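K.L.:
Here is my input; please provide its structure:
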Amino acid sequence: MTAPDSRARSGVVSARTALVVAVAFAALVAVGLDAPSLAAVAGGGALALGWGTGAVTSERKRRVGAGSTALSLGSALLIGGVMLAVRADATAYALLLVGTAVVAVACWDGFADDAVSELYRTVSESGFVVVVGCIAFALGAFLFGTGVVAIALGQVFALSTYSSMAALWWIQVGVIGVGLLAERAARVVDRWTPEGTEMDDGLAAQFRLRLTDLPLWYVGALVVQFVLATVVPDLLDPFLTARPAVERAAEVALLSGATQVALAGVAAVLAAVVLAAPLQRSVVFWTGTSPGYTLAFAAGGIVAVVCAFAVGVLAAFGLAFAWLAPWVPTGAVVAAFGPALQVLGGVFVSILVTAAVILGVHVFVDSANLTGAGFAVGATLLLGGTLLLADDLPAVAVVVGAAVCLFVWDLGVHAVGLERDLGGISPPARTEVVHATAAGSALLGGVAVATAVGYLAVPLRIPDDRAAVALALVLCSLVAVAFAVRR
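P.N.:
Predicted structure coming up:
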C-alpha cells in the first residue's frame with residue numbers, strides 16, 4: 001500500500017482552488033446552456049471521481065471502501081452527464097465534463113503510479129462484482145421473469161396430485177430427496193461446527209440417507225410404481241372408495257398437495273444449506289489472503305448491485321423507474337429485472353470508460369514528463385469545450401473560459417511544483433493564496449480588457465464577430481503570459 005494518510009502535502013490550496021474554479025466554470029456554462037442538471041453532474045461527478053482516486057490509495061479499509069464507492073458513483077455521474085449533454089444538443093459540453101473530471105483526479109494525485117495501480121484493482125474487483133450481479137439478475141429474469149420456474153412447479157404439482165398412485169410415488173421420491181439433501185447438509189454443518197454433533201444424533205439423524213442405503217428391491221418397487229402410475233393411474237381408487245375413512249385421509253395427505261408442498265419446502269431449505277458451502281468456498285477464493293481489502297476495493301460494485309436491486313423492487317411495484325423499461329408492464333415480476341440490469345450495465349460501462357480515460361491521461365503524463373501535465377490536460381479539455389460552445393455562449397463567457405483554463409493550468413503547475421520542490425512539506429497557506437490572487441487578478445484584468453475591446457472597439461454592424469475578436473485577443477494575451485512565465 002501507499003504512504004499513510006497523514007502525510008503532509010504541499011500545494012493543496014492551489015490544487016483545490018484550481019478544482020473549484022473548474023467546477024464553478026463548468027456549472028456556469030451549464031446554466032448558460034439552460035441545462036442546470038448538467039451543473040450538478042459536472043460538480044458531483046467530478047468531485048466524487050477525483051476524491052475516489054485518492055481515497056483508494058489509503059491504508060484504511062473504510063476509506064478504501066468509500067473511495068471505491070465514490071469512483072463508481074462519480075463514473076456513473078460523469079457518463080450520465082455526457083449522455084445528458086448529447087440529448088440536450090450540447091455535445092461539446094462533454095469536453096468540459098471530462099476536463100473537470102481530469103482536473104479533479106489530478107487534484108488528488110490520481111495520475112500517480114500508486115493511484116493508478118489501486119484504480120486498476122478497484123476496477124477489477126468492483127467490475128467482477130457487477131458482472132456477477134448482472135449474471136444473477138439475468139438468470140433471475142429468465143427463471144422468474146419469464147415464468148419458467150412457476151410453470152415447471154405448476155406442472156410438477158399437477159402431476160404429483162393427478163391420482164393417488166402418482167401422489168404416492170412422488171411423496172416417496174420427495175422423502176428420498178430430502179434424505180439425500182439432509183446427508184449433504186449435515187456434512188456442511190459438521191464442517192461449520194467444531195463439535196459436529198448437531199445432526200449426528202436425534203431426529204435429524206434418522207432422515208440422513210445415502211444412495212447406498214437404498215436397497216435394490218425398493219428401487220425396483222419404485223420403478224414398478226412409476227409404471228403403474230403412468231399406465232393405470234386409477235389403480236388405488238376402488239380400494240379407497242370402499243373405505244371412506246381411508247379415502248378422506250388419502251385426499252388430505254396425497255391429493256391436496258399439502259404433503260408435497262411441505263416436502264418441497266424442507267428440500268429447498270436443505271438445498272440452500274448445501275449450496276452455501278460452494279458459495280463460501282468461492283468467496284474465500286475470491287477474497288484471497290486479504291479479504292478486508294478485497295471487499296473494500298469491491299465496495300463500489302457491491303453498492304451498485306444493492307442499488308440495482310432497490311431499483312428493481314421499486315419498478316416491480318410500479319413505484320418508479322418505469323421509464324427504464326417502458327416495454328414491460330408496470331407491476332410485473334419481469335419489471336424488476338429490466339431496470340436492474342440497465343443500472344448495473346450502465347455502472348459497469350461507466351467504470352470502464354472513466355478508467356480508460358484516467359489510464360490514457362496517466363500514459364500521457366508519464367511520457368510528457370511535464371510539471372502539472374494532468375492539470376494541463378484538464379485545462380486543454382476545458383478550453384476545447386469552450387471553443388466548441390462559442391456560438392452558444394455570450395462573448396464574456398467565452399473569454400472567461402479561456403482565462404479559467406489558463407488559471408487552472410497555472411494553479412496546477414504551481415501545486416505540483418511545490419510538491420516536487422518541498423518534498424511534502426506544507427508551505428504557509430498565504431504563500432499559495434498570494435500566488436492565486438496575483439494570477440487571478442492578472443487574468444481578470446485581461447478578461448476585462450478583452451471584453452471592453454470586443455464590445456467597444458468592434459463595429460456594431462458585425463456584432464456576431466465580437467466573441468471571435470474578443471477570444472482572439474484574449475488568446476494572444478494568454479500565449480504572451482504563458483511565454484513570459486516560461487521565460
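
K.L.:
ok, G45 - contacts?
P.N.:
L73, G74, S75, A76, L77, L78, G80, G81, L97, A101 (CB atoms under 8 Å, 6 or more residues apart in numbering). Every residue, glycine included, has its C-beta placed from N, CA and C.

K.L.:
Likewise for V377?
P.N.:
V377 neighbours (CB under 8 Å, 6+ apart): G99, V102, A106, V361, F364, V365.

K.L.:
what's downstream of the one helix or strand it maps to, the next helix or strand?
P.N.:
Assessed by DSSP states H and E, V377 sits inside helix 373-388. Where DSSP H and E defines the elements, the next helix or strand beyond helix 373-388 is helix 395-422.

K.L.:
in that next one, what's buried?
P.N.:
395-416, 418-419 (16 or more other CB atoms under 10 Å).

K.L.:
and the angle for the helix holding V377 with helix 395-422?
P.N.:
170 degrees (axes from the mean of the first three to the mean of the last three CA atoms, to 10 degrees).

K.L.:
Kindly export helix 373-388 (C-alpha atoms) in PDB.
P.N.:
This file holds the C-alpha atoms of helix 373-388, laid out as PDB (Å, rounded to 0.1, in the frame of the first residue of the first chain):
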ATOM      1  CA  ALA A 373       0.700  17.700 -17.000                       C
ATOM      2  CA  GLY A 374      -2.500  16.300 -15.500                       C
ATOM      3  CA  PHE A 375      -3.800  19.800 -14.900                       C
ATOM      4  CA  ALA A 376      -2.600  20.800 -18.400                       C
ATOM      5  CA  VAL A 377      -4.700  18.100 -20.000                       C
ATOM      6  CA  GLY A 378      -7.800  19.100 -17.900                       C
ATOM      7  CA  ALA A 379      -7.300  22.800 -18.800                       C
ATOM      8  CA  THR A 380      -6.900  21.900 -22.500                       C
ATOM      9  CA  LEU A 381     -10.200  19.900 -22.500                       C
ATOM     10  CA  LEU A 382     -11.900  22.900 -20.800                       C
ATOM     11  CA  LEU A 383     -10.600  25.200 -23.400                       C
ATOM     12  CA  GLY A 384     -11.600  22.900 -26.300                       C
ATOM     13  CA  GLY A 385     -15.100  22.600 -24.900                       C
ATOM     14  CA  THR A 386     -15.300  26.400 -24.500                       C
ATOM     15  CA  LEU A 387     -14.200  27.000 -28.100                       C
ATOM     16  CA  LEU A 388     -16.700  24.500 -29.500                       C
END
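
K.L.:
returning to what we had before: which ones among the contacts of G45 lie within strands?
P.N.:
Taking DSSP state E, every one of the contacts of G45 sits outside strands.

K.L.:
Cross the contacts of V377 against helices and list the overlap.
P.N.:
When DSSP state H defines the helices, the subset of the contacts of V377 inside them is G99, V102, A106, V361, F364, V365.

K.L.:
For the nearest residue to the second one once chain neighbours are set aside, the count of nearby residues, please.
P.N.:
Looking back up the chat, that one is V102. Of all residues not flanking V102 in the chain, G378 sits nearest, at 3.7 Å (CB to CB, 6 or more residues apart in numbering). G378 has 30 neighbours, counted by other CB atoms under 10 Å.

K.L.:
Got the confidence number for G378?
P.N.:
Looking at G378, its pLDDT is 90.

K.L.:
and which of the ones in helices among the contacts of V377 is nearest to V434?
P.N.:
A106 (22.2 Å; CB to CB).
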